[in-house]
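**Student:** A structural model of the following input is requested.
(2 chains)
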Amino acid sequence: MINFNAFVDMLWYLLFGMLGIFVVVLVIIAVTYGLTILSTVIERKMNKNKE
Amino acid sequence: MDNILQTLFGSVTEVTWQMAVMWLIGGALIFCAIKFDMEPTLLLPMGFGAILVNLPLSSVIGYFEVNGEWIEGPIATLLKAGIDNELFPLLLFIGIGAMIDFGPLLRNPKLMLFGAAAQFGIFFTLCMASLFGFETNDAASIAIIGAADGPTSIFVAGVLKSNYIGAIIVAAYSYMALVPIVQPPIIRLLTTKKERLIRMEDKGVPVSKLTRILFPIVVTVITGVVAPKSVALVGFLMFGNLIRECGVLNSLSETAQKVLANLVTLLLGITVAGHMQADKFLRLDTLLILALGLVAFIFDTAGGVLFAKLMNLFSKTKVNPMIGAAGISAFPMSSRVVHKMGLKEDPQNFLLMPAAGANVAGQIASVIAGGMILNFFG
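**Tutor:** Numbering: from 1, shown residues only, chains lettered A, B, ... in the order given. Model prediction:
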């Protein structure tokens, strides 16, 4: 049984689902860059202290 | 005499043609697992289980009487203990997390965008399944085949109490095994030769141990806050990865990667076959679900490739659009497919590292997509 109305209703979930995934992923990317910078700074400091 | 014959051969008369068809399907799964090496760790136990649960008066799945007492069959017990409460897929996720090296992704976090884009097939299939009249919970469970990740499919279909869990699991694992056949034609269709020749340099930036340790914790917290229903999936995956990366639990990491993953896979395969009883599996809808599963994989691949092409329009450093196709979670098949295709076009074009990065990003994104589906319909 073909149900076009259901198809159209689900398009909103497609939009918001993809939007949701991209938002989460962008936050993870930002935090990952932050972590990388932070850990580089910490390691540099530790290396300086060793020297 | 009649009584003895009835006792010995009574169940023969209970055999139906539907059971015989399920034996053939079980045999076909075993054949594909052995002959074509198609996800043998799951398809072989599932194939054998499909035969097992479709024997007349099978004592493994229903209740049987012993000395006037009704005893539950072992597969029914395993279904309750490991699938109905989602324990088996989650335990398997610890093993998968321990196997995954997020290094290529951490060297180039932007690759995570491809993981997100390659989940398009999930939501497109949700629309298509609804178009064909499936109930919302079933449509959402069918859509999650596009996660290209068996445990996520089992988890989501289980939570949503889908009536088609057997067909969904068969479709998910079959298409995962068929990634080397399904993906290349779609990639070739959507890319030009010039695009396929684009070389991608591995940045080679070393990833510190601290980043590797903090990454699983941070991802768990972020996804847990945004999509709370995905926290079990993400949490167990990242717990396995934390065990791997912490550096002080090597024996636990090895156990998770080998013993735990193998043991759970062994039980998972034969247990999910409990959902492959003829009356539940042999429906016209099953064929439709298999077709929709293919749609999900095709649109996942297309989503990833087209997103990479879109990025190239705005970016100075061009990415090889084939990397986008590796954003599906079928790990590591998808990255190998992209790498091989790259080598075929140009023997000096090594795409394995960025493809692996996109592939592990797909693993995370598919779990987030599962959480989104549960947030919407759970």
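
**Student:** Could you list the low-confidence segments of the chain?
**Tutor:** You didn't say which chain, so I picked chain A. A:51 (pLDDT under 70).

**Student:** not what I meant, chain B
**Tutor:** In chain B (pLDDT under 70), the answer is B:1-2, B:5-10, B:64-65, B:202-204.

**Student:** and residue B:348, what are its phi and psi?
**Tutor:** phi -100, psi 0 (degrees, to the nearest 10).

**Student:** what's the burial count for the nearest residue to it once chain neighbours are set aside?
**Tutor:** Closest residue in space to residue B:348, ignoring its immediate chain neighbours: residue B:199 at 7.8 Å, by C-beta to C-beta, 6 or more residues apart in numbering or on different chains. In this view, the C-beta of every residue, glycine as well, is placed from N, C-alpha and C. Residues within reach of residue B:199, counting by other C-beta atoms under 10 Å in any protein chain shown, total 12.

**Student:** looking at it, residue B:199 is touching residue B:320, isn't it?
**Tutor:** Yes. Assessed by C-beta atoms under 8 Å, residue B:199 is found in contact with residue B:320 at 7.3 Å.

**Student:** which residues are in contact with both of those two?
**Tutor:** Jointly contacting residue B:199 and residue B:320 under the rule C-beta atoms under 8 Å, 6 or more residues apart in numbering or on different chains are residue B:349.

**Student:** before we move on, back to that, list the contacts for the residue nearest to residue B:348?
**Tutor:** By C-beta under 8 Å, 6+ apart, the neighbours of residue B:199 are B:320, B:346, B:348, B:349.

**Student:** Could you do residue B:27 as well?
**Tutor:** B:47, B:51.

**Student:** can you tell me the helix or strand for it?
**Tutor:** helix B:17-35 (DSSP states H and E).

**Student:** go on, residue B:328?
**Tutor:** Applying DSSP H and E, one finds residue B:328 in no helix or strand.

**Student:** Tell me if I'm right that it and residue B:335 touch.
**Tutor:** No. Counting by C-beta under 8 Å, residue B:335 is not a contact partner of residue B:328; they are 9.9 Å apart.

**Student:** Mutual contacts of these two, please.
**Tutor:** Joint contacts of residue B:328 and residue B:335 (C-beta under 8 Å, 6+ apart) are residue B:359.

**Student:** Which one of the two is surrounded by more residues?
**Tutor:** Taking neighbours as other C-beta under 10 Å, residue B:328 and residue B:335 compare with residue B:328 leading, 38 against 27.

**Student:** That's all I had, so thanks and see you.
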